[in-house]
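[1] coords please:
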Amino acid sequence: MVRPRPAEADADLPEAALPEVAAAEAGGAASRSGPAWRWGLLLVAGWLVQAGLRAWLSRAQAVPLATPDESAYLIAARVLAGGVPANFSYSTLYPAGYPLLITPVFWLTGNPVTAYHAVLIINALVSATVLPLAYAAGRRLGLGRPAAYAVATAAALLPDALFYSGYAMTDAIFPVLVLGWLLTVHSWLDPAAARSVRGRYWAAAGSALLTGYAYAVHSRGLVMLLFYLAVGALIAARRLAPRGTVAVAAVALALPAGLSWWLNRHLAAVMYPSGARSLSSEALARLGSVHGVIFVLEMAAGQVWRLVLDSWGVAGIGLAAALGFAARRGVRLEVRVMAALAVAVTLVTAVAAPAALPPDQAQTWASGRYLDGLVVAFFVAGAAMLLRAGGRWIVICAAAVVPPVVIAAVAVAAYAGTSVPTAGFGAGFSFAGPAVLTQDWTQASVLLATAVTLGLLALWVGWVLAADRLTGRWPGRTLMPGGRALVLAGLAAVSLVAVAQMTSHISRAGTPGQEANTTGLVTASGLRPGQRLAIGTGLSWASWMPQAYEIPWAPLEFFDAASQPPPNASVVEVAWPAGQPARASWPQAPAGWRIVATDQADGWVAWRRPS
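    Predicted coordinates:
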């Protein structure tokens with residue numbers, strides 16, 4: 001076990017500012033905070049509260065809203081459970097990792113609404129694990145138990161850790177994967193964190209399994225995989241851990257990676273019979289020209305801009321400190337490795353994630369989703385620094401955040417616009433952070449969102465400095481450093497208000513229009529198990545993809561609306577031409593077919609075969 005650093009050292013060195021790397025314990029302060037088993041019970045209670053909060057916020061949500069992502073993941077899970085597929089040819093191949101997690105739901109029920117509710121419960125249980133993981137991270141960053149628990153609670157309430165749990169998407173679980181991955185890699189590197197040789201073997205195996213599963217869940221996992229291989233090579237070359245741990249990690253990594261490859265091939269054959277859209281090909285094509293590289297780098301700046309905005313400025317402090325640790329001489333090797341790893345994964349993900357996205361969409365330039373796990377990790381680091389580091393280091397790191405955030409904001413304004421759309425589900429989902437910061441759910445100003453974030457950052461730093469001056473205490477000498485701890489209350493309050501607003505404005509759970517494209521069509525058309533729905537050419541994928549999930553007993557059929565419908569089709573859904581009556585949607589309708597459902601806003605008309 002590494003000896004704890006003296007409290008006075010906190011004033012000089014921001015060792016708490018590095019994600020998952022500080023091996024120090026809180027020493028006597030920790031021992032006075034109560035028996036360890038008591039804190040274990042508190043962690044279980046906190047996890048239950050966080051899971052309950054997530055389940056409560058999504059309680060009225062009945063159907064998938066984020067099309068095509070949610071529909072694709074849900075149908076993939078249904079396929080893995082032996083159910084009916086859908087034809088998603090020419091769209092993105094959604095990997096099997098997340099569907100594999102929710103597959104058991106489709107063994108237990110075939111009802112799409114019941115299954116969706118069950119998936120959100122799984123999301124809530126997994127997502128709430130952010131709290132114990134963030135607590136473990138805080139302890140490794142040198143915080144006492146009360147302070148680590150408070151930081152973990154604030155981190156678990158952050159929108160990036162909470163909001164996405166209300167959707168059947170990988171973003172619901174990715175913060176948990178990232179935190180768990182960083183913790184296990186650190187345990188593999190640092191004997192003090194692993195506590196024993198056996199612990200390092202377990203850490204090697206656990207980090208490899210998490211790496212492989214992250215790779216199976218989303219393309220962001222590929223970035224984690226590449227850097228994990230680099231860390232493994234460094235460990236082998238420098239003998240930073242027993243050689244046997246490298247072999248264990250290699251075997252453990254091959255298991256989920258091999259399973260992912262096999263399951264992805266299966267999904268590709270069943271759900272993408274005509275081929276899938278290749279994200280890697282599009283990214284390589286864009287990166288093949290100077291103009292494309294400049295575009296991608298400007299998009300990456302927007303991703304980092306959102307990392308700072310979506311954490312109310314705190315993750316920026318953690319990121320700045322990690323950069324300093326990675327370059328600082330005299331710091332332990334495992335500390336520098338973890339600093340470099342966290343920063344490198346952040347920057348490469350920020351570059352790689354938007355490279356394959358269409359540049360004409362505003363969210364491409366400033367997405368808040370792709371760095372969600374790293375936002376939470378750096379938030380924990382930044383919050384720990386606000387509690388432990390000296391005021392001078394906090395000011396330096398906060399000041400280092402300002403210039404790149406302003407430059408990134410200018411890039412976002414130049415390409416996405418001086419304001420970003422926040423009205424409606426799609427726009428609000430993409431720009432929820434700026435909408436909350438500006439309190440504008442129509443058009444959020446990029447510069448105002450940036451100014452508010454920097455203002456919040458100044459508030460947190462000023463709060464810490466004022467607390468030190470008023471209490472006259474050096475940081476780190478109490479269980480939770482005096483007035484500094486009130487910063488966490490402010491951060492938690494901002495996050496709770498943000499999540500409440502995001503749920504109200506974006507999810508709008510329980511509103512009648514939510515089911516217009518799914519259960520509404522099935523109910524109005526009288527479609528029953530055994531009967532088939534045929535989709536006419538020209539109908540938007542945004543309309544038929546949710547219905548492919550809603551109808552679990554038979555795959556959708558597609559036909560040319562200018563010809564006769566398939567002989568076994570009971571209901572036909574066709575596009576509604578703008579400005580024309582509903583009957584004009586299908587001039588070739590056979591005699592006796594009648595209109596049974598319409599949606600002019602979404603542009604579709606449903607016809608039913610005569611009885």
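[2] now do the helices in the stretch 151-300 of the chain.
    Applying DSSP state H, counting those that start in this stretch to the stretch 151-300 of the chain gives helices spanning 159-162, 174-189, 191-194, 197-217, 220-238, 243-271, 279-286, 290-309.
[3] so where's the protein shaky on pLDDT?
    For the chain, residues meeting the criterion pLDDT under 70 lie at 1-34, 358-362, 471-482, 508-520.
[4] care to break it down by domain?
    According to automatic domain parsing, the chain comprises the domains 7-507, 516-608.
[5] got the residue ranges for the helices in the stretch 351-500 of the chain?
    Ranges of helices within the stretch 351-500 of the chain are 372-388, 391-415, 424-430, 432-438, 446-471, 486-502, based on DSSP H, counting those that start in this stretch.
[6] do the same with the stretch 1-150 of the chain
    Using DSSP H, counting those that start in this stretch, the helices found in the stretch 1-150 of the chain span residues 28-31, 36-57, 69-80, 97-108, 112-127, 130-140, 145-157.
[7] as a markdown table, the ones you listed with mean neighbour count and distance to Ala257 would be great.
    No exception for glycine: its C-beta is placed from N, CA and C like everyone else's. Output for those, formatted as a markdown table (neighbours: other CB atoms under 10 Å; distance: least, CB to CB, whole Å):
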| stretch | mean neighbour count | distance to Ala257 |
| --- | --- | --- |
| helix 28-31 | 16 | 38 |
| helix 36-57 | 16 | 29 |
| helix 69-80 | 25 | 17 |
| helix 97-108 | 20 | 11 |
| helix 112-127 | 20 | 21 |
| helix 130-140 | 27 | 23 |
| helix 145-157 | 26 | 29 |
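[8] out of the helices of the stretch 151-300 of the chain, the one nearest Leu533 is which?
    helix 243-271 (17.3 Å; CB to CB).
[9] middle-most residue in this structure, spatially?
    Asp171 (2.9 Å; CA atoms, centre = their mean).
[10] and the spatially closest residue to that one that is not a sequence neighbour, how many neighbours?
    Closest residue to Asp171 apart from its sequence neighbours, by CB to CB, 6 or more residues apart in numbering: Tyr164 at 3.7 Å. Tyr164: 24 surrounding residues under other CB atoms under 10 Å.
[11] Tyr164 and Ala51: what is the separation?
    Distance, Tyr164 to Ala51, using CB to CB, to the nearest Å: 15 Å.
[12] what do you get for Ala194?
    28 Å.
[13] just to revisit the earlier point, make CSV from the helices of the stretch 151-300 of the chain and add distance to Val380 and mean neighbour count to it.
    CSV is the format used below for those (distance: least, CB to CB, whole Å; neighbours: other CB atoms under 10 Å):
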stretch, distance to Val380, mean neighbour count
helix 159-162, 10, 28
helix 174-189, 8, 27
helix 191-194, 15, 20
helix 197-217, 17, 22
helix 220-238, 18, 18
helix 243-271, 25, 17
helix 279-286, 30, 15
helix 290-309, 13, 21
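[14] Throw the ones you listed into CSV and include distance to Leu57, thanks.
    CSV is the format used below for those (distance: least, CB to CB, whole Å):
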stretch, distance to Leu57
helix 159-162, 8
helix 174-189, 16
helix 191-194, 34
helix 197-217, 23
helix 220-238, 24
helix 243-271, 30
helix 279-286, 31
helix 290-309, 21
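[15] and those helices: which comes nearest Phe106?
    For those, proximity to Phe106 was assessed by CB to CB; helix 243-271 is nearest, at 14.2 Å.
[16] show me the helices in the stretch 501-611 of the chain, by range?
    So, for the stretch 501-611 of the chain - with DSSP H, counting those that start in this stretch - the helices run 519-525, 541-550.
[17] point out the most buried one among these.
    helix 541-550 (a mean of 22; mean count of other CB atoms under 10 Å).
[18] next, the angle from that one to helix 112-127.
    On the basis of axes from the mean of the first three to the mean of the last three CA atoms, to 10 degrees, helix 541-550 is oriented at 90 degrees to helix 112-127.
[19] could you say what helices and strands helix 541-550 packs with?
    The helices and strands touching helix 541-550, judged by 3 or more CB pairs under 8 Å, 6 or more residues apart in numbering; DSSP states H and E, are helix 69-80, helix 519-525, strand 569-575.
[20] now with 6 Å, please.
    Packing contacts for helix 541-550, counted by 3 or more CB pairs under 6 Å, 6 or more residues apart in numbering; DSSP states H and E, involve helix 69-80.
[21] now do the helix it packs on: which elements does it pack against?
    helix 97-108, helix 541-550.
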